[in-house]
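Visitor: Provide a 3D model corresponding to the input given below.
(2 chains)
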Number of protein chains: 2
Amino acid sequence: MPTPLSGVYAPVLTPFNRDLQPDAARFIAHCQWLVQQGAGLAIFGTNSEAASLSTGERMALTEQLLAAGVPAARLMPGTGACALTDAVALTRHAVSHGAPGVLVLPPFFFKQPSDDGLFAYYSEIIERVGSEQLAIYLYHIPQLSGAPITLGLIERLLARYPRTVLGAKDSSGDWANAKAMIDRFGGSGFAVFPASESLLAQALAIGGAGCISATVNMNPAGIRALFDGWHSGQGEALQGRANVIRQIFQALPMIPAMKRVLAECTGDAAWRTVRPPLCAMDDAGAAALMSALRDAGFSMPGHPARAVA
Amino acid sequence: MPTPLSGVYAPVLTPFNRDLQPDAARFIAHCQWLVQQGAGLAIFGTNSEAASLSTGERMALTEQLLAAGVPAARLMPGTGACALTDAVALTRHAVSHGAPGVLVLPPFFFKQPSDDGLFAYYSEIIERVGSEQLAIYLYHIPQLSGAPITLGLIERLLARYPRTVLGAKDSSGDWANAKAMIDRFGGSGFAVFPASESLLAQALAIGGAGCISATVNMNPAGIRALFDGWHSGQGEALQGRANVIRQIFQALPMIPAMKRVLAECTGDAAWRTVRPPLCAMDDAGAAALMSALRDAGFSMPGHPARAVA
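Guide: Next up is the predicted model:
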């Protein structure tokens, strides 16, 4: 039986080449850097533009990443999909490749589905994959999915699948909801990950498991230091420094902004590319962003993006 | 160069077997009945649970439908997807199999994308498919997609791709928006389809092309009669009769309700099945629905569902 995960995870940015195809070499280099900085890899999350990737593209990138030597133990792939058959195929693939957890978005076309409908979706995935190695983390992001993971749904899933449903990511941005998830289910080991490091210290203080945050792509070492030291004398200062970087990105379309920063910091312009319907950040926006980051003392030490350019 | 389509289209309900797999035999039988009743086949629309189907499942059903002798000329497959690569693959497949039009949903995970981002999505599909036979119908359903097809976007696409972007479906339910689409673009042949037959006569009166409506699955002959006779002395009576049936379904979760009615009217219980996150209609709801339909004189004459049970 898998054990609940904890730590600091990046929903890993997905690089594309000029033809908008996934760029495995840059993806691998970025993942290796994140792991070196102490982060886990929530590949194929919202900020990975996972919704903009086909199931085949996701599976191919996973296989290329593992073939490059990135340990499966650091992965928490996103495997949710609107089509049950896609979600089953992605989840089965991730588990068979050794992922110790998968982050499963609910189907997100039909809005406000019932708890019965979402229970059926997760239940079908679990039953069809049928593996004792499967560990599911529920993905609550109602502002994009239109399908909230309610406390009642979690309770029903835990009652039926206590060895498989091991946690949740709360991307609602609503601390009261994250706190309610931790208070109600954290005592029995259910691992709750808020989606921003701005909530990390307060989540860890009441039994949260870590965070899965977009800006771990930018500031993995700083956020990992906060995870390790939140209860030390440096905790407040670490939280404050992480917050400064987070706030700069949070005010912007985050995916284009983070990709542009990777391009600027590494000299590898290919990182600017996003898939439609997103649009790359323009030069004026980038200049303002880089200026704000310089003022905050931001850098990406040792990032190998240029090496694969 | 394809010519703009017109008429009455059903977003064809997709039957599933007990294992939740698409049921090609029932799908073909339902499509054949719709065609016999005078309807076109907007397979893989919202009410087809298309979002709940994988790309492979959609392609296989299309091929099975054509192999059964249903004419490609009656098809308007839905080929939009969150992933550009999926949308391109589905569109290419539909065009290569002879579909005279495709209904293309915008990517629907990221909310409120810019017109630039949506222009890029449609442009990439058109350029990559690269066929003079491609005819795109834009799908405006902001309440589910979160990605409105604005008049400004249509204008930009028409300026760049006048031979390929041939129309739109307006599922907003906002008559002012449908009217604005027709008023602004209908004069040059742009084919606008409201999503409900309740707007059919008024849309046709100002140059609309027809309708693509869920309830064409239930009442194809009545809605086709309205399309043919809206300007005759019977027009008002035809619109009124169509409205009665429409209103009964519109008050309910339409997909489970329509599937349950197919099951009840044909004696083929397999039609009740939906994929998660939808839930099948319960017996109490079905009893009330069937009672209302009986009072309205509803029937599905000649539907062959039972023949394939």
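Visitor: from here on, contacts and neighbour counts on C-alpha atoms
Guide: Noted.
Visitor: helix, strand or coil for whichever residue of the stretch 101-250 of chain A sits closest to chain B?
Guide: Nearest residue of the stretch 101-250 of chain A to chain B, counting by C-alpha to the nearest C-alpha: residue A:117, 4.1 Å away. With DSSP: H, G, I helix; E, B strand; the rest coil as the basis, the three-state label of residue A:117 is helix.
Visitor: report the contact partners of it.
Guide: Contacts for residue A:117 (C-alpha atoms under 8 Å, 6 or more residues apart in numbering or on different chains) come out as B:276, B:277, B:278, B:279.
Visitor: distance of residue A:28 relative to residue A:41?
Guide: According to C-alpha to C-alpha, to the nearest Å, residue A:28 and residue A:41 sit 11 Å apart.
Visitor: before we move on, the earlier item: pLDDT score assigned to the residue of the stretch 101-250 of chain A closest to chain B?
Guide: With respect to pLDDT, residue A:117 scores 98.
Visitor: same thing with residue A:306?
Guide: 54.
Visitor: repeat that for residue A:236.
Guide: 98.
Visitor: so what's it closest to, chain neighbours aside?
Guide: Distance criterion C-alpha to C-alpha, 6 or more residues apart in numbering or on different chains; nearest residue to residue A:236, sequence neighbours excluded, is residue A:230 at 7.0 Å.
Visitor: could you measure from that neighbour over to residue A:248?
Guide: Residue A:230 sits 21 Å away from residue A:248, going by C-alpha to C-alpha.
Visitor: where does the stretch 201-309 of chain A get nearest to chain B, residue-wise?
Guide: Going by C-alpha to the nearest C-alpha, chain B is nearest to residue A:277 of the stretch 201-309 of chain A, at 4.1 Å.
Visitor: mind listing what that residue touches?
Guide: Shown in contact with residue A:277 (C-alpha under 8 Å, 6+ apart): B:107, B:110, B:113, B:114, B:116, B:117, B:118, B:120, B:121.
Visitor: mark which of these are buried, thanks.
Guide: Buried by 16 or more other C-alpha atoms under 10 Å in any protein chain shown: B:107, B:110, B:113, B:114, B:117, B:118, B:120, B:121, out of the contacts of residue A:277.
Visitor: out of those residues, who's nearest chain A?
Guide: Of the buried ones among the contacts of residue A:277, the one sitting nearest to chain A (C-alpha to the nearest C-alpha) turns out to be residue B:117, at 4.1 Å.
Visitor: farthest-separated two in the buried ones among the contacts of residue A:277?
Guide: B:110 and B:120 (14.4 Å; C-alpha to C-alpha).
Visitor: how about low-confidence regions in chain A?
Guide: A:305-309 (pLDDT under 70).
Visitor: how about the residues of it near chain B?
Guide: Residues of chain A found near chain B (C-alpha under 8 Å from any C-alpha of the partner chain) are A:51-54, A:82-86, A:107-111, A:113-114, A:116-118, A:120-121, A:144-145, A:275-279.
Visitor: helices - which of those land there?
Guide: A:84, A:85, A:86, A:116, A:117, A:118, A:120, A:121, A:144, A:145 (DSSP state H).
Visitor: ok, and the closest non-adjacent residue to the fourth one?
Guide: What it means is residue A:116. Nearest residue to residue A:116 in three dimensions, chain neighbours excluded: residue B:279, at 7.3 Å (C-alpha to C-alpha, 6+ apart).
Visitor: cool, and the last one?
Guide: The shortest distance from residue A:145 to any non-neighbouring residue, by C-alpha to C-alpha, 6+ apart, is to residue A:108 (4.4 Å).
Visitor: next, the one you found: phi, psi?
Guide: Dihedral pair for residue A:108: phi -120, psi 20, per degrees, to the nearest 10.
Visitor: show me where the stretch 151-300 of chain A has its helices.
Guide: Per DSSP state H, counting those that start in this stretch, the stretch 151-300 of chain A has helices spanning A:151-160, A:175-185, A:200-205, A:220-229, A:235-250, A:254-266, A:283-295. These are given in chain order.
Visitor: how about the ones you listed in CSV, adding mean neighbour count?
Guide: Below are the helices of the stretch 151-300 of chain A laid out as CSV (neighbours: other C-alpha atoms under 10 Å in any protein chain shown):
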stretch, mean neighbour count
helix A:151-160, 15
helix A:175-185, 18
helix A:200-205, 19
helix A:220-229, 22
helix A:235-250, 17
helix A:254-266, 22
helix A:283-295, 14
